[in-house]
Every structure is written in C-alpha cells, then in structure tokens.
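J.: predicted coordinates and the sequence they were generated for:
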Amino acid sequence: MSSSESSEIPISLTAQQAASGTVLRLPPETGVPPVRIPPVRDGDLVRLRAGERELLLRIRVTAPGTTAPAQGGTKGGVACLGVLGAVAVIVLLLVLVNRGGGGDSSSDDSADGSSYSPSAPATTYDPYTRDPATGAPYESSDPYGGATEEPSPFTSGTCLNGTLPNSTTAQEVSGVEEVSCSASDAHYKVIETIPFSSDMSRCNSNPRTQYAFSYRYTLNGAAVNEYVYCLVGLGSYAR
C-alpha cells in the first residue's frame with residue numbers, strides 16, 4: 001500500500017478501553033463511520049478499510065490518572081437497553097403535511113402549526129436504541145465489554161411498528177422497532193435518513209414527509225451518534 005493510499009492516525013485509549021476493546025468514532029474528515037477496536041496493547045497498529053483507502057490507527061495507552069487528548073472518536077460507543085448509565089428513548093415530532101392545494105397553504109400551515117418551524121428549538125433527548133439483528137437489548141452492564149457494536153441506522157424503505165402520537169410537539173416514545181413491511185403491525189416507512197443531526201425540521205425539504213423523529217445513540221449519557229428519520233404512514237396511519 002503506497003503512502004498516498006494510507007495514513008497513520010494516533011489514537012489514545014485508556015487502559016480499560018485497550019484491555020476490553022471499545023467502539024471508536026473517528027474524526028469526520030476520515031470519512032469512516034464508528035468502528036469497533038478489539039483489545040490492543042500500547043504501540044499496536046490497527047488497520048481499517050475506507051473504500052479504496054487504508055487507515056492505520058497507532059494505539060497509545062495512557063497511564064492511569066492521565067487525561068487522553070481530546071479526539072472525535074475516543075468516546076465512541078453505543079447506548080444499549082440494560083447498560084448502566086444509558087437512557088434510551090425516541091424523540092419524535094409529528095409532521096402534519098398539508099395536503100390541500102391553493103395559494104393559502106402557507107398561511108394555513110402557520111395558523112394550525114402543521115409544519116416545522118425553522119426556529120424551533122433543537123431537541124436534546126436521549127432516544128431509544130435497539131439491536132438491529134434481534135430487536136433485543138444487550139444484557140452487558142460493562143459499556144466497554146461484550147457486544148458494543150453500534151446498531152446500523154434505519155435505511156430508506158425500512159418499516160417500523162409502534163405508535164407515534166398525534167401531536168405537533170416533541171415527545172418521548174418507546175416501543176418503535178424495525179419490522180417486515182409485510183407485517184400486520186408495520187405502521188411507518190422510512191423515506192429518508194439524515195445522519196449526524198437531531199434537527200427534525202430538515203425533513204421539511206422532503207415533501208412526502210408525514211412524520212419525523214430523531215434517534216440518538218448514547219454511552220453513559222454522552223451522545224455518540226444521532227440520526228433524523230423522515231417517515232410516511234402506512235395503511236390507516238397514512239396522512
């Protein structure tokens with residue numbers, strides 16, 4: 001591999017992270033999503049693939065009592081149901097799409113509050129998380145050990161169950177899971193996924209949007225990654 005196709009990035013880990021492994025969120029400029037780092041030792045070199053590029057992570061284990069340099073990914077991880085210190089909820093904001101025609105649609109939306117306000121305050125809730133493989137929460141109480149892979153985000157075309165409240169204000173909701181689109185309890189379908197954001201008003205740019213919610217992964221109360229999902233209702237849930 002030539003030097004133009006790979007680069008070495010120094011990564012600082014605590015002794016506990018190095019011994020048990022951790023989930024690492026690299027700086028945005030690397031173009032690499034959060035990755036799982038296995039148990040390593042000081043000085044080890046971890047190789048990652050990012051498209052046609054290879055990244056080399058040089059591991060540095062900090063001594064106890066030493067604060068590791070701040071990095072974009074050293075606090076990476078995934079909050080799981082059952083993990084101590086993690087709060088899992090879904091924050092959603094119902095988007096009522098004005099399906100009427102005519103030149104008064106803008107004023108009607110303003111009067112009944114059926115669309116997002118660009119100046120609406122950003123939500124700061126810790127949303128619900130789930131295991132994409134089984135739908136069951138992780139059982140480990142150790143945030144650095146066991147299965148700590150971050151669940152994959154919902155993609156366009158994914159169907160969800162549960163019930164989102166008929167409200168234009170932000171609320172906390174649980175029990176929304178991925179299901180087969182042919183399932184009888186498939187109530188919503190994802191039409192757009194917006195990563196690294198909790199600004200649900202961004203769904204306004206998609207005219208098909210009927211519902212929206214933000215979905216944040218946390219570790220010990222700290223945000224690791226977040227997404228905004230734009231949805232349409234299915235069957236009787238369509239608007």
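T.: Structure's in. What do you need?
J.: just give the number of residues close to residue 231.
T.: 29 (other C-beta atoms under 10 Å). From N, CA and C alone the C-beta is placed, and that goes for glycine too.
J.: which SSE is it in?
T.: strand 222-233 (DSSP states H and E).
J.: and that strand, what other elements does it pack with?
T.: For strand 222-233, the packing partners by 3 or more C-beta pairs under 8 Å, 6 or more residues apart in numbering; DSSP states H and E come out as strand 188-195, strand 211-219.
J.: worst mean pLDDT among those strands?
T.: Of all the helices and strands packed on strand 222-233, strand 211-219 carries the lowest average pLDDT, namely a mean of 79.
J.: ok and it relative to strand 222-233, angle-wise?
T.: For strand 211-219 against strand 222-233, the angle by axes from the mean of the first three to the mean of the last three C-alpha atoms, to 10 degrees is 160 degrees.
J.: what strands line up against strand 211-219, and which way round?
T.: When sheet partners are counted by DSSP bridges, strand 211-219 sits next to strand 90-94 (antiparallel), strand 222-233 (antiparallel).
J.: in CSV: the ones you listed, plus distance to residue 190.
T.: Shown next, in CSV, are the strands paired with strand 211-219 (distance: least, C-beta to C-beta, whole Å):
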stretch, distance to residue 190
strand 90-94, 13
strand 222-233, 5
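J.: what's the neighbour count on residue 165?
T.: 11.
J.: where does it land in three-state SS?
T.: coil (DSSP: H, G, I helix; E, B strand; the rest coil).
J.: I'd say it and residue 172 touch.
T.: No. Look at residue 165 against residue 172 with C-beta atoms under 8 Å: they stay out of range, at 10.0 Å.
J.: about what we covered before: make a markdown table from the strands paired with strand 211-219 and add mean pLDDT to it.
T.: Compiled in a markdown table, these are given as follows (pLDDT from 0 to 100):
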| stretch | mean pLDDT |
| --- | --- |
| strand 90-94 | 41 |
| strand 222-233 | 84 |
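J.: pick the most deeply packed of the ones you listed.
T.: strand 90-94 (a mean of 23; mean count of other C-beta atoms under 10 Å).
J.: so in this protein, where's the weakest helix or strand by average pLDDT?
T.: strand 90-94 (a mean of 41; mean pLDDT, DSSP states H and E).
J.: what sits against residue 235?
T.: residue 187 (C-beta atoms under 8 Å, 6 or more residues apart in numbering).
J.: measure it to residue 207 for me?
T.: Using C-beta to C-beta, to the nearest Å, residue 235 is found at 21 Å from residue 207.
J.: just residue 153 next, same as before
T.: Counting by C-beta to C-beta, the gap from residue 153 to residue 207 is 22 Å.
J.: higher neighbour count, these two?
T.: A side-by-side neighbour count of residue 153 and residue 207, using other C-beta under 10 Å, places residue 153 first with 18 against 7.
J.: wait, isn't the more buried one in contact with residue 195?
T.: Yes. If you go by C-beta under 8 Å, residue 153 and residue 195 touch, sitting 6.7 Å apart.
J.: excluding chain neighbours, give the residue nearest to residue 43 in space.
T.: residue 59 (6.6 Å; C-beta to C-beta, 6 or more residues apart in numbering).
J.: and the strands in the protein, which stretches?
T.: 6-13, 22-24, 35-37, 45-50, 53-61, 90-94, 159-160, 171-173, 178-179, 188-195, 211-219, 222-233 (DSSP state E).
J.: could I get the ones you listed as CSV with distance to residue 239?
T.: Shown next, in CSV, are the strands of the chain (distance: least, C-beta to C-beta, whole Å):
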stretch, distance to residue 239
strand 6-13, 46
strand 22-24, 37
strand 35-37, 39
strand 45-50, 40
strand 53-61, 44
strand 90-94, 9
strand 159-160, 15
strand 171-173, 17
strand 178-179, 20
strand 188-195, 11
strand 211-219, 8
strand 222-233, 6
